[in-house]
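Student: My questions are about this predicted structure, shown below with the sequence.
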Amino acid sequence: MKPVGPIPDGYGSIDGELAIGGRSASALVAEAGGTPLFVYSRSHLDARMAELRAALPQRVGVNYAVKANPHPAVIAHMAPLVDGFDIASAGELSLCLAAGIDPARISFAGPGKRDAELEAAISAGVTLNCESEGEGARALAIGQRLGRAPRIAIRVNPAFVMTGSGMKMGGGAKPFGVDAERVPGLARHLIAEGAEWRGLHIFTGSQTLSADAIIAAQANVLALAADLTVAIGEPLPKLNMGGGLGIPYFPGDMPVDLPGVGAALSERLADLPAVLRDTALCMELGRYLVGEAGVYLTRIIDRKESHGVTFLVTDGGLHHQLAASGNFGTVVRRNYPSAIATRYGAEPTEEVNIVGCLCTPLDRLADNAAMPRAEVGDLVAVFCAGAYGASASPSAFLGHGPAAELLV
Ligand SMILES: Cc1ncc(COP(=O)(O)O)c(C=O)c1O
């Protein structure tokens, strides 16, 4: 038997079925026109933002990293809740502009920005988080051609890493950002050439559950930003301190101690170096904002036995939920939180393997999991599906097509 991860708070049941946003799983599937389906819960999005606002110092803004979930309804819902949006492509820029988001609230990070992307961002007045000297030169040239001063911050590749982080974005050779020691020279050059100086972006890691690791990274980020500001010799308008807050996916994972992170940050801000006194501060969060708000629903198409093992074969799979299958940056496959949505809360009576409909052994949703007995037609729920699900999975693979998405 392999345990499944912890089901996030805030999900209830109606008539023995999983309920999301006050509606049963079957009702949601009927509304969407069938499975597979991602359901995103407004009340979870609202609750998470309220927790953050309560825990973080008022001075620290919250930016939404659109890459976590670029569904238009999710972006529109987040627009009044967050202070800014971080995008990674012209495609995400278009989605934000279509949602009516003021370009002054948008910043654009990512290595390999194409000229057309730089042009779209500069024309709109979006801040570029500049990733290299070469990108800075291209932005200046494009700005000159357009007759528009590019708004530029520099993404820093710091010497330190965020310990305990699932994905490390700093420390040593990285394709992201400019090595810290080269930042002052580049900043002075960009400013001298007429760029509008927007500040620094220091993103050190992602999916961290340790408050201590986050607190240490934030202290390092603030100290580095102060040193760089002195070396640049210009006031720092804005510091994007990164994020990294993770969510519990697997058995034994514990939520981040958010009040602890907030309290430590308040202490730091009370003792901030003078050069950062007037600097606007923000954090940049993706999965922490949206991950637990999403549930992936898929229907059991077949129930079969092989050598004494029961397989529940669903109409979904890794083409929508690559991360839950264990093929998105995980070393050892563990079970995401999952349940039989149409028998929610019923006692487990058997051990099953829940698999997808793709003809690859990689397509697994839950291995050796204890579940109530489920039949063909029952719905399976995979939780923590709000981030890096629909948009981070190979939905064209094998031609089953994308899943529907619904915000409730
Ligand atoms: C620059 C940047 N911002 C934000 C994120 C979002 O991270 P998460 O969704 O874990 O908060 C990432 C993740 O890789 C990133 O590279």
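Tutor: Here it is on my side, so go on.
Student: for the chain, where's the lowest mean pLDDT among helices and strands?
Tutor: Across the helices and strands of the chain, mean pLDDT, DSSP states H and E gives its lowest value to strand 167-168, namely a mean of 66.
Student: Where is the longest strand in the chain?
Tutor: The strand that spans the most residues within the chain, counting by DSSP state E, is strand 294-306.
Student: Just checking: what are the partner strands of the very next helix or strand once past that strand?
Tutor: Once the chain leaves strand 294-306, the next helix or strand it forms, by DSSP states H and E, is strand 309-314. Using DSSP bridges, strand 309-314 pairs in its sheet with strand 294-306 (antiparallel), strand 350-355 (parallel).
Student: What's the first helix or strand after the least confident helix or strand of the chain?
Tutor: Taking DSSP H and E, what comes next after strand 167-168 is strand 178-179.
Student: do that following strand and the ligand meet?
Tutor: No. Figure legend: strand 178-179 not in contact with the ligand (C-beta under 6 Å from any ligand atom); closest approach 13.7 Å. In short, each C-beta sits where N, CA and C put it, glycine included.
Student: now stretch 272-291
Tutor: Yes. Stretch 272-291 is in contact with the ligand by C-beta under 6 Å from any ligand atom, via 284-288.
Student: just the helices in the stretch 51-200 of the chain please.
Tutor: Secondary structure of the stretch 51-200 of the chain by DSSP state H, counting those that start in this stretch: the helices cover 72-78, 90-98, 115-124, 133-146, 183-192.
Student: Next: the stretch 201-350 of the chain.
Tutor: For the stretch 201-350 of the chain, helices defined by DSSP H, counting those that start in this stretch occupy the ranges 211-232, 258-270, 287-290, 322-325.
Student: quick one: furthest residue from the center of this structure?
Tutor: Centroid-distance maximum for the chain: residue 307 at 39.7 Å, with C-alpha atoms, centre = their mean.
Student: need the contact list for the residue nearest to residue 14 when sequence neighbours are not counted.
Tutor: Once flanking residues are discounted, residue 14 sits nearest to residue 24: 4.4 Å by C-beta to C-beta, 6 or more residues apart in numbering. Residues in contact with residue 24 (C-beta atoms under 8 Å, 6 or more residues apart in numbering) are 14-15, 17-18.
Student: Distance check, residue 24 against the ligand.
Tutor: Distance of residue 24 to the ligand, given as C-beta to the nearest ligand atom, to the nearest Å: 29 Å.
Student: Spatially, which residue comes closest to the most centrally placed residue in the chain, not counting chain neighbours?
Tutor: The centre of the chain sits closest to residue 286, judged by C-alpha atoms, centre = their mean, with a distance of 2.7 Å. Of all residues not flanking residue 286 in the chain, residue 68 sits nearest, at 3.0 Å (C-beta to C-beta, 6+ apart).
Student: ditto for residue 359
Tutor: Nearest non-adjacent residue to residue 359 (C-beta to C-beta, 6+ apart): residue 398, at 7.3 Å.
Student: sorry, back to before: ok, the longest strand of the chain near the ligand or not?
Tutor: No. Strand 294-306 lies out of reach of the ligand by C-beta under 6 Å from any ligand atom, never closer than 12.6 Å.
Student: in that strand, what's buried?
Tutor: Within strand 294-306, the residues that count as buried by 16 or more other C-beta atoms under 10 Å are 294-300, 303.
Student: swap in stretch 21-28?
Tutor: Buried-residue list, stretch 21-28, by 16+ other C-beta under 10 Å: 21, 23-28.
Student: Restricting to C-alpha, output it in CSV.
Tutor: The C-alpha trace of stretch 21-28 is given here as CSV (Å, rounded to 0.1, in the frame of the first residue of the first chain):
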residue,chain,number,x,y,z
GLY,A,21,-17.5,25.6,-4.6
GLY,A,22,-20.8,24.2,-3.2
ARG,A,23,-21.4,21.9,-6.2
SER,A,24,-21.0,18.1,-6.4
ALA,A,25,-18.3,16.6,-8.7
SER,A,26,-21.1,15.1,-10.9
ALA,A,27,-22.9,18.4,-11.2
LEU,A,28,-19.7,20.1,-12.2
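Student: Show me how far that stretch is from its chain's centre.
Tutor: Here the centre of stretch 21-28 is set off from its chain's centre by 25 Å, with C-alpha atoms, centre = their mean, to the nearest Å.
Student: and what of stretch 377-395?
Tutor: On the basis of C-alpha atoms, centre = their mean, stretch 377-395 sits 14 Å off its chain's mean C-alpha point.
Student: Could you do stretch 28-47 as well?
Tutor: On the basis of C-alpha atoms, centre = their mean, stretch 28-47 sits 18 Å off its chain's mean C-alpha point.
Student: Just flag the most distant two among the residues of stretch 272-291 next to the ligand.
Tutor: Greatest spatial distance among the residues of stretch 272-291 next to the ligand (C-beta to C-beta): 284 and 287, at 11.5 Å.
Student: Residue 19 touches residue 11, doesn't it?
Tutor: Yes. Between residue 19 and residue 11 there is a contact at 6.9 Å, judged by C-beta atoms under 8 Å.
Student: So which residues on the stretch 251-400 of the chain come close to the ligand?
Tutor: Near the ligand, when you scan the stretch 251-400 of the chain using C-beta under 6 Å from any ligand atom, you find 284-288, 387.
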